[in-house]
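In: Below is the sequence, then the predicted model.
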Amino acid sequence: MTFHDEFKGVHVKKKILLFGLCALSTGLAAAYWPWKTGGDSASELTLYGNMDIREVDLGFGVDGPIDQVLVEEGDRVEAGQTLAILEQDAFLDAVQAAEATLKLAEARLAEGVHGPRPQEIERGRATVQAAEAALANAALIHSRRVSLIDAHERAASREEADTTNAERLVAEADLKKAREDLALLLEGTRREQLDQQRAEVEAQRANLALLRYRLGRATLKAPTAGVIRTRILEPGAVVTANSPVFTLALTDPKWCRAYVNESDLGKIRLGLPARITTDSYPGKSYRGWVGYISPVAEFTPKAVETPELRTSLVYQARVYTCDPDQELRLGMPATVTLLLNGETRTPPASLSDYCKSP
């Protein structure tokens, strides 16, 4: 074999090696691209997050001793379900007293609006006539006593004349009072007095409404569906308005909180369909949809200057899901697969409406 043939063989081997390296690079790039885009193809985007934990502390909002506690930790409750009850006697007594006071105020207002009865007006006129007669008689008696003194008949003393004069003045005052009382009866109730009575009725109604509200708050009900996570107080405990009795974990609606890179933000939109999977139930997926995309980036750098810094930003997204068997626990890690080419659905009025749809 000549030198030329040996050189030619080495050259061919180098070409084959170079071609193999190119093929290997192409294969690695093809394998890397789906992993980098977060799915098996450009039609999916994979996110990682947790089932969002949302809790609320429940309390009565009024003071009193606890009479009954009706649920245990771990119990599932529905909206409006009774959870605990305070002793009711004090609240019921206060409501009854307020109802009686309101009736009294309403009666006084009705009396003022209708004014005096005809019989009362006739009685006022009769009182005036009696006062007029009494004044006439007193004036006549006093006049006689004075005439007797002036005639020097000594039939009456100065003291008797003074007494009859005082009686006449009293009769005049009684007549004046009787006439003024009659005028008030004829005029009816003053507008200012009616306004005062109406204000008193409104105040009593507001007080009754407040006491009825407090009576209603003496029964603690679940504001929404959820799971009793913590039972804090027991029967017999005296609570204040701010004392928590339960911690309720909210389960309706249920969503997974995940974060989207800024470079992928343009790929998602509200109503985009999704699948949620967990390690606890391998092979099972839960359907859902994107219901919220945060308008604010998390951990925004102080100065955004390079593409590397810009692409490090993340945005919170909520993917609502249907979980009829209540298998997804709050705080559970989950994998979200967004179907980028899926049909965008108009967000329903409620999650239950979406879960009922096919």
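Out: Great, that's in hand.
In: could you pull out the strands for the stretch 251-358 of the chain?
Out: Assigned by DSSP state E, counting those that start in this stretch, the stretch 251-358 of the chain shows strands spanning 255-261, 273-277, 285-298, 314-321, 333-339.
In: can you redo those strands as JSON lines with mean pLDDT?
Out: Output for the strands of the stretch 251-358 of the chain, formatted as JSON lines (pLDDT from 0 to 100):
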{"stretch": "strand 255-261", "mean pLDDT": "89"}
{"stretch": "strand 273-277", "mean pLDDT": "92"}
{"stretch": "strand 285-298", "mean pLDDT": "88"}
{"stretch": "strand 314-321", "mean pLDDT": "90"}
{"stretch": "strand 333-339", "mean pLDDT": "93"}
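In: Heading C-terminal from the helix or strand of the chain with the lowest mean pLDDT, find the next helix or strand.
Out: Using mean pLDDT, DSSP states H and E, the weakest-scoring helix or strand in the chain turns out to be helix 3-37, at a mean of 47. Next helix or strand after helix 3-37 toward the C-terminus (DSSP states H and E): strand 44-51.
In: neighbouring contacts of that next one?
Out: 37-39, 254-260, 264, 267-268, 317, 319, 328-340 (Cβ atoms under 8 Å, 6 or more residues apart in numbering). Yep, even glycine has a C-beta here, placed from its N, CA and C like the rest.
In: ok, now which ones touch the residue minimising distance to the centre of the chain?
Out: The centre of the chain sits closest to P223, judged by Cα atoms, centre = their mean, with a distance of 9.7 Å. If you count contacts by Cβ under 8 Å, 6+ apart, P223 has them with 56, 58, 79, 248.
In: one more time with 10 Å
Out: P223 sits next to 56, 58, 77, 79-80, 248, 250 when contact means Cβ atoms under 10 Å, 6 or more residues apart in numbering.
In: is L58 in a bridge, and if so with what?
Out: Beta-bridge pairing for L58 (DSSP bridges): F246.
In: tell me, how many neighbours does it end up with?
Out: By the criterion of other Cβ atoms under 10 Å, L58 has 21 neighbours.
In: rewinding a little: just the buried subset of the contacts of P223, written out for ChimeraX, thanks.
Out: To isolate the buried subset of those in ChimeraX, counting by 16 or more other Cβ atoms under 10 Å, use the following:
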select :58,77,248,250
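In: Let's have the contacts of P223 in TSV, adding pLDDT.
Out: Written out in TSV, the entries for those read as follows (pLDDT from 0 to 100):
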residue	pLDDT
V56	94
L58	96
V77	94
A79	92
G80	94
L248	95
L250	87
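In: just to revisit the earlier point, would you list the strands of the stretch 251-358 of the chain in TSV and tack on mean neighbour count and distance to L211?
Out: As requested, the strands of the stretch 251-358 of the chain are exported to TSV (neighbours: other Cβ atoms under 10 Å; distance: least, Cβ to Cβ, whole Å):
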stretch	mean neighbour count	distance to L211
strand 255-261	21	40
strand 273-277	21	48
strand 285-298	16	41
strand 314-321	22	41
strand 333-339	19	48
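In: Same list as before, those strands that is, but in a markdown table and with distance to D52 included.
Out: Below are the strands of the stretch 251-358 of the chain laid out as a markdown table (distance: least, Cβ to Cβ, whole Å):
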| stretch | distance to D52 |
| --- | --- |
| strand 255-261 | 4 |
| strand 273-277 | 12 |
| strand 285-298 | 10 |
| strand 314-321 | 7 |
| strand 333-339 | 10 |
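In: so who does A183 touch?
Out: Per Cβ under 10 Å, 6+ apart, neighbours of A183: 124, 128.
In: Please report the distance of it from L109.
Out: 23 Å (Cβ to Cβ, to the nearest Å).
In: Q88 too?
Out: Distance of Q88 to L109, computed by Cβ to Cβ: 31 Å.
In: what about this protein, any weak spots by pLDDT?
Out: 1-41, 115, 148-156, 188-189, 300-312, 346-358 (pLDDT under 70).
In: what's the domain layout of this protein?
Out: 38-52+252-356, 55-87+217-249, 94-213 (automatic domain parsing).
In: start to end distance for the last one?
Out: Okay, so that is domain 94-213. 11 Å (Cα to Cα, to the nearest Å).
In: Ok, the shortest one next?
Out: Start-to-end span of domain 55-87+217-249 (Cα to Cα) is 4 Å.
In: So that it lines up with my notes, have the first residue be 40 from now on.
Out: Got it, first residue is 40 now, which makes that one domain 94-126+256-288.
In: Run the chain-centre distance for that domain.
Out: 17 Å (Cα atoms, centre = their mean, to the nearest Å).
In: again with stretch 220-234
Out: Worked out by Cα atoms, centre = their mean, stretch 220-234 lies 45 Å from the chain centre.
In: CSV for the contacts of P262, including distance to P155?
Out: Formatted as CSV, these follow (distance: Cβ to Cβ, whole Å):
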residue, distance to P155
V95, 59
L97, 56
V116, 60
A118, 55
G119, 52
L287, 60
L289, 62
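In: Near E145, how many other residues are there?
Out: 16.
In: same deal with V284?
Out: 21.
In: wait, what's in contact with the closest residue in space to it that isn't next to it in sequence?
Out: Excluding the flanking residues, the one nearest V284 by Cβ to Cβ, 6 or more residues apart in numbering is L272, at 5.0 Å. L272 is in contact with 98-99, 105, 108, 123, 278, 282-285, counting by Cβ under 10 Å, 6+ apart.
In: Good, wrapping up.
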